[in-house]
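Novice: Predicted model and sequence below, questions to follow.
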Amino acid sequence: MRHPLSGRFVRQLFLAAALSVPAAALLAPVAEAQTRPVPPAGAPVAKPSPALLQLARDLVTANGEARAFDGVIPNIVDGAALSFLQTNPDLAKQLREVAVLVRPEFEKRQAEVIDILATSYAARFTETELKEAIAFFRSPTGIKLVQDRPVIVQEAVQGIQAWGAQINAQAVERVRAEMKKRGVDL
């Protein structure tokens, strides 16, 4: 059974999170007078104006974050349909067909993801900051960043995985050596 919070869906969430890091890093040195106070986690956030929300939508489109969620809805719908396989394994073919049938109904809701992202930006950035960020992501350097980011993230993930495997191997050897000092052969 494929769960909607596994596989490709999780990779897309990771990619989305990775995509947002450079944007935040690029926008960090903004003058304090322009920065909106960030509400504490869980605190209600004031609803942004339609104009501010539209600027934030423009930003998540320009910075590539909106595209990171392109395959999320099909994965969720497929996961929902296939969740019935555990109790109804003979219905696999029909469940896949039904998932394909109902996908368009849910794909119409893709804009909701953009609105969720945009609302977060609109709550934390001023109109001026959003315009500056959009200008950057529409510049040649910003366009290059958006285009190259998936490859950069993929390379970074592979490098981090290799690094982690190396650290793990070294840690295993160190633990083995320390245990040997205590008279235990592992």
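Specialist: Alright, I've got the coordinates.

Novice: Quick check: which ranges of this structure have low pLDDT?
Specialist: Scanning the chain for pLDDT under 70 picks out 1-45.

Novice: And the helices in it?
Specialist: Remark: helices assigned in the chain by DSSP state H are 8-27, 50-62, 72-82, 92-107, 110-124, 127-138, 140-181.

Novice: Could you give the number of residues near the closest residue to Val113 other than its chain neighbours?
Specialist: Nearest residue to Val113, sequence neighbours excluded (C-beta to C-beta, 6 or more residues apart in numbering): Phe69, at 4.6 Å. Quick note: C-beta positions are derived from backbone N, CA and C, even for glycine. Per other C-beta atoms under 10 Å, the neighbour tally for Phe69 reads 20.

Novice: In this structure Phe69 contacts Gln110, no?
Specialist: Yes: the criterion here is C-beta atoms under 8 Å, and Phe69 meets it with Gln110 at 7.4 Å.

Novice: Return the residues in contact with Pro48.
Specialist: Ala56, Thr119, Ala122, Ala123 (C-beta atoms under 8 Å, 6 or more residues apart in numbering).

Novice: For Ala68, see how far away the last one is.
Specialist: If you measure Ala123 against Ala68 using C-beta to C-beta, to the nearest Å, the figure is 20 Å.

Novice: between these two, which one's more packed in?
Specialist: A side-by-side neighbour count of Ala123 and Ala68, using other C-beta under 10 Å, places Ala68 first with 25 against 18.

Novice: Buried residues of stretch 86-106, list them for me.
Specialist: Leu95, Ala99, Arg103 (16 or more other C-beta atoms under 10 Å).

Novice: Apart from its neighbours in sequence, what residue is nearest the last one?
Specialist: What that stands for is Arg103. Val77 (5.1 Å).

Novice: what separates that neighbour from Arg176, distance-wise?
Specialist: Using C-beta to C-beta, we find Val77 at a distance of 47 Å from Arg176.

Novice: out of the two, which sits in the more crowded spot?
Specialist: Val77 (21 against 12).

Novice: Run through the residues that contact the more buried one.
Specialist: Ala99, Val102, Arg103, Phe106.

Novice: Save these as CSV, and put in distance to Ser49 too.
Specialist: Converted to CSV, the contacts of Val77 look like this (distance: C-beta to C-beta, whole Å):
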residue, distance to Ser49
Ala99, 38
Val102, 35
Arg103, 34
Phe106, 29
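
Novice: quick check, nearest of those residues to Ile114?
Specialist: Checking those against Ile114 by C-beta to C-beta gives Phe106 as the nearest, at 14.9 Å.

Novice: Quick check: the gap between that closest one and Ala123.
Specialist: The value you get for Phe106 to Ala123, if C-beta to C-beta is used, is 26 Å.

Novice: what's the burial count for the spatially closest residue to Val146 that is not a sequence neighbour?
Specialist: Excluding the flanking residues, the one nearest Val146 by C-beta to C-beta, 6+ apart is Gly64, at 4.0 Å. Neighbour count for Gly64, taken as other C-beta under 10 Å: 22.
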